[in-house]
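A.B. asks: My questions concern the predicted model and sequence given below.
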Amino acid sequence: MTNLANLKLFTTHPHKCSYLQDEIATTVFVDPDAEINREIYSRLSEIGFRRSGQHLYRPQCAFCSACIPVRIPVKEFTPNRQQKRCLKLNSDITFKVVNSIDAKKHYQLYEKYINERHADGDMYPPSRAQYSTFLTSEWGLTRFIEFYLESTLIAVAVIDELETGISAVYTFFDPELQSRSLGTFAILTQIQLAEELGLHAVYLGYWIKNCTKMTYKSKFKPLESYIDGRWIRDY
């Protein structure tokens, strides 16, 4: 087993929190020159790290511990009534897993999504360079789930395949189809895929109680939260 103690970590200067107003954040990053493989990435995910582009990071704020890593244990997951409706509503959607999203149709969908849904966020305005560096990695672990309505691409979920789970990196979709709850449908699809692959969990990243943008994560039950160095199941 890889000894994570040998990895160098770097800490950012305190900066404005992206999720909670008036809070100051500090982030720990794994050395960008470190050699990352599936085993290392998997172990880091199990202790609360996430990926953004080529960077593995974890919040380490001096006065706040609101960011809680969460994951769905797929074998125990049961969709609630709302999620069952989502599955039924989107039963006409097909999906496939691919190794690249370099085509024009992928970026156009991403660009539309950022412009219409996140014009007030850190990723606005979108660019080709940002698109590539944010969503992909060089470790050979990233896959992409394409969702189609007939022959039209309507959503893409970016995932990393770990030793024991799937890390849900990012999902973008056609904002005009908001009524289909494609974000929820993408997670339900990842749960299905993880179970088919015999994996334990889908890692959803961080959940923050007072951040409305993250409320959807708490609707997946059971949910495991990484608190004080161990995963605790919330039924």
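C.D. replies: That came through fine.

A.B. asks: domains for the protein, by residue range?
C.D. replies: 4-67, 81-199 (automatic domain parsing).

A.B. asks: tell me the average confidence for the last one?
C.D. replies: Just to be clear, that refers to domain 81-199. Model confidence over domain 81-199, given as mean pLDDT, is 95.

A.B. asks: my guess is residue 136 meets residue 130, correct?
C.D. replies: No: using CB atoms under 8 Å, residue 136 is not in contact with residue 130; the gap is 11.3 Å. C-beta coordinates here come from the backbone N, C-alpha and C atoms, glycine included.

A.B. asks: that older thread, out of the domains of the chain, the one nearest residue 232 is which?
C.D. replies: Proximity to residue 232 (CB to CB) singles out domain 4-67 among these, at 12.6 Å.

A.B. asks: End to end on that closest one, go ahead and measure it.
C.D. replies: One end of domain 4-67 to the other measures 22 Å (CA to CA, to the nearest Å).

A.B. asks: chain center to it, what's the gap?
C.D. replies: Remark: domain 4-67 is offset 14 Å from the chain centroid, using CA atoms, centre = their mean, to the nearest Å.

A.B. asks: What of stretch 186-199?
C.D. replies: With CA atoms, centre = their mean, you get 14 Å for stretch 186-199.

A.B. asks: ditto for stretch 61-72
C.D. replies: With CA atoms, centre = their mean, you get 15 Å for stretch 61-72.

A.B. asks: Over to stretch 117-124?
C.D. replies: 17 Å.

A.B. asks: What of stretch 144-155?
C.D. replies: The answer for stretch 144-155 is 18 Å, by CA atoms, centre = their mean.

A.B. asks: Show me which residues of that stretch are buried.
C.D. replies: Neighbour counts over stretch 144-155 (16 or more other CB atoms under 10 Å) mark 144-147, 149, 153-155 as buried.

A.B. asks: what does stretch 121-136 give?
C.D. replies: Counting neighbours by 16+ other CB under 10 Å, stretch 121-136 gives 123, 126, 130-131, 134-136 as buried.

A.B. asks: Next: stretch 72-85.
C.D. replies: 72-74, 77, 79, 83.

A.B. asks: if we look at it, which residues are touching it?
C.D. replies: By CB atoms under 8 Å, 6 or more residues apart in numbering, the residues outside stretch 72-85 that reach it are 87, 184, 187-188, 191, 194-195, 199-202, 204, 219-224, 233.

A.B. asks: the strands in the protein, which residues?
C.D. replies: 9-11, 15-16, 24-25, 27-30, 50-52, 55-59, 68-73, 93-98, 142-149, 152-161, 165-173, 201-207, 223-227, 230-234 (DSSP state E).

A.B. asks: Could I get the buried residue list for stretch 223-235?
C.D. replies: For stretch 223-235, by 16+ other CB under 10 Å, it's 223-226, 231.

A.B. asks: just how off-centre is it within its chain?
C.D. replies: 17 Å.

A.B. asks: same question, stretch 114-134
C.D. replies: The answer for stretch 114-134 is 16 Å, by CA atoms, centre = their mean.

A.B. asks: do the same with stretch 98-113
C.D. replies: The answer for stretch 98-113 is 17 Å, by CA atoms, centre = their mean.

A.B. asks: Lovely, talk soon.
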